[in-house]
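J.: Only the shape, not the letters, is given here:
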């Protein structure tokens, strides 16, 4: 057993912080020298005014609009059914997709992909536009009807975009 006398004679541990302070001072000097070399401003390119031709909508865009009274419109065509009954909309979309298949209207990114089947290459993108007052369940019903017609992908349009 250790006696009280042994513990009194042992030196207590002592951390020498001098090397640590030396390292911190060197780092401080490095950062003080490097700080003025930092870029003070950023050069940006301001976009030019939009061209009128660029603002024209793509003629292949299919936009399903859900009206506040739960009726559906496809692009400029009205009376495509209601949220509760999407059969008319699904039938019209199926006809459009079949016509696009006959006319070989392909998606831009898959235009030259002859290794894929034609059904996958046909432009079948549909966007949904709905007011904020429409419930999520009602929009989900319309998405189901559109997917049933074969639309892939289906996108949701943000408010304020026309």
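T.: Arrived safely. A quick note: this is a predicted structure, and the numbers were derived from the prediction, not measured. Residues are numbered from 1 along each chain as shown.
J.: Just give the closest residue to residue 108, not the sequence neighbours.
T.: Leaving aside its sequence neighbours, residue 108 sits nearest to residue 123 (CB to CB, 6 or more residues apart in numbering; 8.0 Å). Heads up, the C-betas are built off the backbone N, CA and C, glycines and all.
J.: and the one you found, backbone torsions?
T.: Dihedral pair for residue 123: phi -70, psi 110, per degrees, to the nearest 10.
J.: who's in contact with the closest residue to residue 77 other than its chain neighbours?
T.: Using CB to CB, 6+ apart and skipping residues adjacent in sequence, the residue nearest residue 77 is residue 92, 7.3 Å away. Counting by CB atoms under 8 Å, 6 or more residues apart in numbering, residue 92 touches 74, 77, 80.
J.: Any figure for the gap between the second one and residue 64?
T.: In this view, residue 77 and residue 64 are 10 Å apart by CB to CB, to the nearest Å.
J.: So for those two, which sits in the more crowded spot?
T.: Neighbours were counted for residue 77 and for residue 64 using other CB atoms under 10 Å; residue 64 has more, 25 against 10.
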